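Engineer: everything below, folded, please.
(2 chains)
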Amino acid sequence: MPVDKDTMIEAIDVNKEYRRSGAIIRALADVSLTIKAGEFVLVQGPTGCGKSTLLNVLSGIDIPDSGKIIFDGENIARATEDRLSRIRRQKIGFVFQDFNLIPTLTAIENVESLLWPTVYEKKKLKTAL
Amino acid sequence: MAFRMWKKAVLMTLREKKLFSVFTLIYTSLIFITSLFWELAITGQIGEIAGYFVLIFLGTSLFLSLLYAWIIVSRNRRTWATLKCIGYTNKNINSLVTGKILFTTLMGFIIVIEVLFHYTAVVGYLQSAAIPTSLPLTLIGLLPVVLTSFIFIVVQMVAIVLANRKILKVRPIIALKKVGE
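Structural biologist: From the prediction side, this is the model:
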C-alpha cells in the first residue's frame, strides 16, 4: 500500500534486465520513485538509459524482474495479464510514438475500438466519443 | 459481449479482402467436395474409395484451418499487442479471433448451400421444361452437408484453441517496438 494516500504510483527497488546478443543489459537498477496524483513528471536522460523501460514497467506494459510497483494502491508488478489489461483500460492513457493504428479499421473505428469491450450501445459509444 | 466482439471481427475480416477471399474460396471448395464424396460414399456410387477421399479432404481442412488460425494471429501480432495495451483482455482478443475464423467458415457453408439450391433450381427448370438431362435433381443430399458441417465445426474448434493459445503469448510490449524491430 502507498505510504501517502495522494500517491498514485510508487516504484520500490525496481530492476529490469534485457538479454541482447548474449549480453545482459541492466535497464533499471534498484529504481525507486513516488508520483503523486495530479503531479506532472518529466523523465529525461541520454539514449539507452532506461526511460522507455521505466515507463513500460510503471504502466504495466512490461513486468519488472524484481521490486514493487504500487499503482493506485495495487502492486501491479505481480498482477495477472488480464488484471493489467483492465488497469490499463481504466486508469492509463497511452500516446503511441508510431500511432499504432489498426490497418483494417477506419480513423473513427480506431478511436472507438478502445470502448468496444465495455460500451455495447451505439448511442452510448457516440456520446462517449 | 462476445457477440459484439464477433460483429467487430466480421468487420475486420471483410476488410482483409485478399486473405478472406482466398480462405473462403478454399473452404467453399473443400466443403463442397467433402459433401459430394460423402454423398457418393453413402450412396455407394464409387465404392470404398469415396470414404478415403472424405478422410483426405477432412485432413486437408484441418491443416488449412490451423494455417488460417496461425496466419490470423501471426500477421496481426502488432494489432493484438496494441489492443492489449489499450486494455483488451485475452478473452476480448480471443473473441475477435474466434469470430474471424467462424465467419470465414460460415461464409463457405452459405456459398455451398446457395450453389446447391441454384443447381436444383436449374435442373428442376430443365426437367419441367421437358429438356432432356441426365443430371439428378439433388446433387448432394442434406445428410452429407450436415455431416460435413458438423465435422468442419469440430475442426474449427481445434484451430480456435490453437489461436487462443498463441494469443496468450502475444505480449503488449510488442506494440511499442518499431516496425521491423
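
Engineer: and residue 55, what pLDDT?
Structural biologist: No chain specified, so I'll use chain A. We note a pLDDT of 92 for A:Leu55 in this prediction.

Engineer: try chain B instead
Structural biologist: 88.

Engineer: same deal with A:Val3?
Structural biologist: 53.

Engineer: one more: B:Phe152?
Structural biologist: Confidence at B:Phe152, expressed as pLDDT, is 89.

Engineer: and A:Glu112, by the same measure?
Structural biologist: According to the predicted model, the pLDDT of A:Glu112 comes to 87.

Engineer: secondary structure of it: a helix, I assume?
Structural biologist: Yes - under DSSP: H, G, I helix; E, B strand; the rest coil, A:Glu112 falls within a helix.

Engineer: could you report the neighbour count for it?
Structural biologist: By the criterion of other Cβ atoms under 10 Å in any protein chain shown, A:Glu112 has 18 neighbours. The way it works is simple: take the backbone N, C-alpha and C, and place the C-beta from them, glycine included.

Engineer: quick check: which element contains A:Lys68?
Structural biologist: Applying DSSP states H and E as the criterion places A:Lys68 in strand A:66-71.

Engineer: name the helices or strands packed onto that strand?
Structural biologist: Applying 3 or more Cβ pairs under 8 Å, 6 or more residues apart in numbering or on different chains; DSSP states H and E, we find strand A:66-71 packed against strand A:7-20, helix A:51-58.

Engineer: select the longest helix from the chain.
Structural biologist: Defaulting to chain A. For chain A, the longest helix by residue count, based on DSSP state H, is helix A:81-91.

Engineer: chain B, not that one
Structural biologist: As assigned by DSSP H, the longest helix anywhere in chain B is helix B:90-128.

Engineer: would you mark the buried spots in it?
Structural biologist: B:90, B:92-109, B:111-112, B:116, B:119-120, B:123 (16 or more other Cβ atoms under 10 Å in any protein chain shown).

Engineer: and chain A, which residues reach chain B?
Structural biologist: With Cβ under 8 Å from any Cβ of the partner chain as the criterion, chain A meets chain B at residues A:52, A:56, A:61-62, A:81-82, A:84-86, A:88-90, A:94, A:96-98, A:100, A:102-105, A:109, A:113-114, A:116-117, A:120.

Engineer: intersect the buried residues of helix B:90-128 with the contacts of chain A.
Structural biologist: With Cβ under 8 Å from any Cβ as the criterion, the buried residues of helix B:90-128 include B:Asn90, B:Asn92 near chain A.

Engineer: flag every buried residue along stretch A:44-54.
Structural biologist: For stretch A:44-54, a neighbour-count test (16+ other Cβ under 10 Å) marks A:Gly50, A:Ser52, A:Thr53, A:Leu54 as buried.
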